[in-house]
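Novice: 3D model of this:
(chains A and B)
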2 protein chains.
Amino acid sequence: MTDITAAGIPSGSVLLRDALHDVEIDSSGGPVPAGASPRQRGVELRESMLLRAAEVERALDALMPPVHGQEARLVEAMRYAALGGGKRLRGYLVMEVASLFGAAAGAARAGAAVEMLHAYSLVHDDLPAMDDDDLRRGQPSTHIRYDEATAILAGDALQTLAFATLADPATHPDAAVRIALVAALAEAAGAAGMVGGQMIDMEGEGRTLTLPEIERLHALKTGRLIGYSAEAGALIGGAGAAERRAIAEYGRDLGAAFQVADDVLDATESAEQLGKTAGKDAEAGKSTFVALLGIDGARAEAGRLAQRAEAALADLGQEADRLRALARYVVERRN
Amino acid sequence: MTDITAAGIPSGSVLLRDALHDVEIDSSGGPVPAGASPRQRGVELRESMLLRAAEVERALDALMPPVHGQEARLVEAMRYAALGGGKRLRGYLVMEVASLFGAAAGAARAGAAVEMLHAYSLVHDDLPAMDDDDLRRGQPSTHIRYDEATAILAGDALQTLAFATLADPATHPDAAVRIALVAALAEAAGAAGMVGGQMIDMEGEGRTLTLPEIERLHALKTGRLIGYSAEAGALIGGAGAAERRAIAEYGRDLGAAFQVADDVLDATESAEQLGKTAGKDAEAGKSTFVALLGIDGARAEAGRLAQRAEAALADLGQEADRLRALARYVVERRN
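Specialist: The predicted structure follows:
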């Protein structure tokens, strides 16, 4: 293992082990030379993801309200839902894109805000009236660990906290940038975005969706927030208009590739590997890319989307190599 | 009835009838002379509330996403939950305080945003896992009219839309004002505010709370959002620091008075009068001001808080008379 503790992360922490488990860090590592092989770049990406995941985790931890008073149970449930795990793909994207354009301060906070928003959507998605899932990241879902009322409220408060975090001057000194971050998140997460996609997903149970319908479902449910993460990084980093367009295109295709790959994983990997119930979609009578295209067809589609994401970065230099590697990673990952 | 249609509101609309029903408008009216009696001022307040409620309703209607596409059911449920009723006390406060300081543009939108936030909290509060209430404003609750999953998602999307609305330049041209509106709403609505209060309310079922505990519960659950409404009006209106402090104090006491009066109503009025299930709190084993202070004691406490709210406006002139009348109204209302 590389000398992670040099980066200030306690190597024995649960956090680090979780992150390690998730990104399957290689035992080689060290600085990657400019002409690194794809394999070396993959290693470098996984290390970079691990380090940024830890930064996002620390930001999340610091941003959660203190656990005290009569409402302590709410904050415990918020912490349970938001902390301790996950690849932090969205937070990573915010930070990596922001650093591409030279800005780092505040990016971990904005990354944490997107992760709060994502965590809230998972908590509500897992509720009995929704997907009714008892397992999340290998642990009991929030409503199982606590109760339904607490899970509903913890999800609600996590959404609120995401906006509070973006609105805070510590995220960016310029009010115009902060309000742009808020407006774009609200657009991506609302009825015309993520929640709209969740509704279509619910409505789609038990009937067969067409390929364009599934594409739209996932573009809303998953793609918009992943796209937002890239966009937020560009906003914080102060990217120019052309760069922002390229990053937006990249984020959209990356989000689409991620979801098709997720369908393949759901159909091919065990619950243990995924850390969540496997094969749920087929069981719930949900239409999936795999059902429509077959496993090989869905794999090919994911690869095509990842290539398109890479292509969107054509005008950016070598410093965008990690984002290119990320596009390959999202379709090659095992969980 | 005064010539309401002159204000551009179709007198036969459901909206108007709802508002009329709610504020029990008097059949006298017309311009109120400077030295108006308390009775005349009461009439003037009710008219003003009626007109502003209609403005907030129109803003809400215009701000809701269009009902189409696969996610149409979500938007229908959002509209069902947010439109067509209520006193619009919070929206009124935003508009009335903003106009006190001379600004009106955008105030109806900000008022609509607070009403969206409030509507989302009611939708989630009514869920079976929460208060399990089938009736709201005399109509089936959102999860009864639609289903639980749709109600959860509609509530989620209404919260998001509240932030989207505040972040839009149409609400205020200055990004610094918009981000202040967003930050203060997130503060008032989150774990340290409204949702924290909802959690305490859930936790308090079946055990007796002390008076300070109940006061804190309601200060968070109801008071913070009513206080925010006053604060948002001051922000939009460009009030000075001393004026903002006075308005914040007024809002806090008004919110407290409102909640104590609500407990009295819950204990004394019929479900028909309230438009929601009556006596629910006692049945759920919840501690109330009435249980601790008795009906007369709670009435006296509400009156004391309303007087304190009025007193906070001492340095504001006659133009704040409607806010003073509003403080009396919240403790004298019948629903």
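Novice: any weak-confidence spans in chain A?
Specialist: Residues of chain A that meet the criterion pLDDT under 70 lie in A:1-43, A:270-285.
Novice: longest single helix anywhere in it?
Specialist: helix A:241-268 (DSSP state H).
Novice: packing partners of that one?
Specialist: helix A:89-100, helix A:211-218, helix A:224-237, helix A:280-283, helix A:289-312, helix A:321-332 (3 or more Cβ pairs under 8 Å, 6 or more residues apart in numbering or on different chains; DSSP states H and E). All C-beta atoms are positioned from the backbone trio N, CA, C, and that covers glycine.
Novice: for the ones you listed, which one sits closest to B:Tyr146?
Specialist: Counting by Cβ to Cβ, B:Tyr146 lies closest to helix A:211-218 out of the helices and strands packed on helix A:241-268; the figure is 19.2 Å.
Novice: and stretch A:94-111 with chain B, contact?
Specialist: No: if you take Cβ under 8 Å from any Cβ of the partner chain as the test, stretch A:94-111 misses chain B, and the best it gets is 13.6 Å.
Novice: what about the helices in the stretch 51-200 of chain A?
Specialist: A:72-82, A:89-100, A:107-125, A:142-145, A:148-167, A:175-189, A:194-203 (DSSP state H, counting those that start in this stretch).
Novice: could you pull out the buried residues of the fourth one?
Specialist: What it means is helix A:142-145. A:Thr142, A:His143, A:Ile144, A:Arg145 (16 or more other Cβ atoms under 10 Å in any protein chain shown).
Novice: ok, and what's touching stretch A:230-249?
Specialist: Identification of contacts with stretch A:230-249 by Cβ atoms under 8 Å, 6 or more residues apart in numbering or on different chains yields A:93-103, A:106-107, A:110, A:114, A:171-172, A:177, A:180-181, A:184-185, A:227, A:250-251, A:254, A:309, A:312-316.
Novice: re the thing from before, now render the helices and strands packed on helix A:241-268 as a markdown table, adding mean neighbour count.
Specialist: Listed next are the helices and strands packed on helix A:241-268 as a markdown table, based on neighbours: other Cβ atoms under 10 Å in any protein chain shown:
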| stretch | mean neighbour count |
| --- | --- |
| helix A:89-100 | 26 |
| helix A:211-218 | 18 |
| helix A:224-237 | 27 |
| helix A:280-283 | 15 |
| helix A:289-312 | 19 |
| helix A:321-332 | 21 |
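Novice: mind putting these into CSV with distance to B:Ala302?
Specialist: As requested, the helices and strands packed on helix A:241-268 are exported to CSV (distance: least, Cβ to Cβ, whole Å):
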stretch, distance to B:Ala302
helix A:89-100, 47
helix A:211-218, 50
helix A:224-237, 44
helix A:280-283, 51
helix A:289-312, 59
helix A:321-332, 57
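Novice: for A:Glu203, find the nearest of those helices.
Specialist: Using Cβ to Cβ, those put helix A:211-218 closest to A:Glu203, at 9.3 Å.
Novice: so how far is that closest one off the chain centroid?
Specialist: Counting by Cα atoms, centre = their mean, to the nearest Å, helix A:211-218 is centred 19 Å from the centre of its parent chain.
Novice: could you check the angle helix A:224-237 makes with that helix?
Specialist: With axes from the mean of the first three to the mean of the last three Cα atoms, to 10 degrees applied, the angle from helix A:211-218 to helix A:224-237 works out at 50 degrees.
Novice: which residues sit against helix A:211-218?
Specialist: By Cβ under 8 Å, 6+ apart, helix A:211-218 touches A:197, A:200-201, A:204, A:209, A:255-256, A:259-260, A:287-289, A:292-293, B:70.
Novice: pretty sure A:Gly223 contacts A:Ala257?
Specialist: No: counting by Cβ atoms under 8 Å, A:Gly223 sits too far from A:Ala257 to count as a contact (9.4 Å).
Novice: what comes up buried for stretch A:172-180?
Specialist: For stretch A:172-180, using 16+ other Cβ under 10 Å, the buried residues are A:His172, A:Ala175, A:Val177, A:Arg178, A:Ile179, A:Ala180.
Novice: sorry, wrong one. I was asking about stretch A:159-175.
Specialist: Buried, per 16+ other Cβ under 10 Å, within stretch A:159-175: A:159-168, A:171-172, A:175.
Novice: about what we covered before: and the longest helix of chain A, what's buried?
Specialist: A:243-244, A:246-268.
Novice: hmm, the one helix or strand A:Leu45 maps to touching chain B?
Specialist: According to DSSP states H and E, A:Leu45 maps onto helix A:38-63. No: judged by Cβ under 8 Å from any Cβ, helix A:38-63 makes no contact with chain B; its nearest approach is 11.1 Å.
Novice: taking helix A:321-332 as reference, get the angle to that helix.
Specialist: Using the same axes, to 10 degrees: helix A:38-63 against helix A:321-332 is 90 degrees.
Novice: and helix A:38-63, how far out from the chain middle?
Specialist: 12 Å.
Novice: summarise which helices and strands that helix is packed against.
Specialist: Counting by 3+ Cβ pairs under 8 Å, 6+ apart, helix A:38-63 packs on helix A:14-23, helix A:89-100, helix A:107-125, helix A:321-332.
Novice: how about stretch A:183-192 as PDB, C-alpha atoms only?
Specialist: In PDB, the C-alpha atoms belonging to stretch A:183-192 read as follows (Å, rounded to 0.1, in the frame of the first residue of the first chain):
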ATOM      1  CA  ALA A 183     -29.900  26.800  -8.900                       C
ATOM      2  CA  ALA A 184     -28.200  24.000 -10.900                       C
ATOM      3  CA  LEU A 185     -28.600  21.500  -8.000                       C
ATOM      4  CA  ALA A 186     -32.200  22.300  -7.600                       C
ATOM      5  CA  GLU A 187     -32.700  21.900 -11.300                       C
ATOM      6  CA  ALA A 188     -30.900  18.600 -11.400                       C
ATOM      7  CA  ALA A 189     -32.500  17.200  -8.300                       C
ATOM      8  CA  GLY A 190     -36.200  18.200  -8.700                       C
ATOM      9  CA  ALA A 191     -39.300  17.100 -10.600                       C
ATOM     10  CA  ALA A 192     -37.500  17.700 -14.000                       C
END
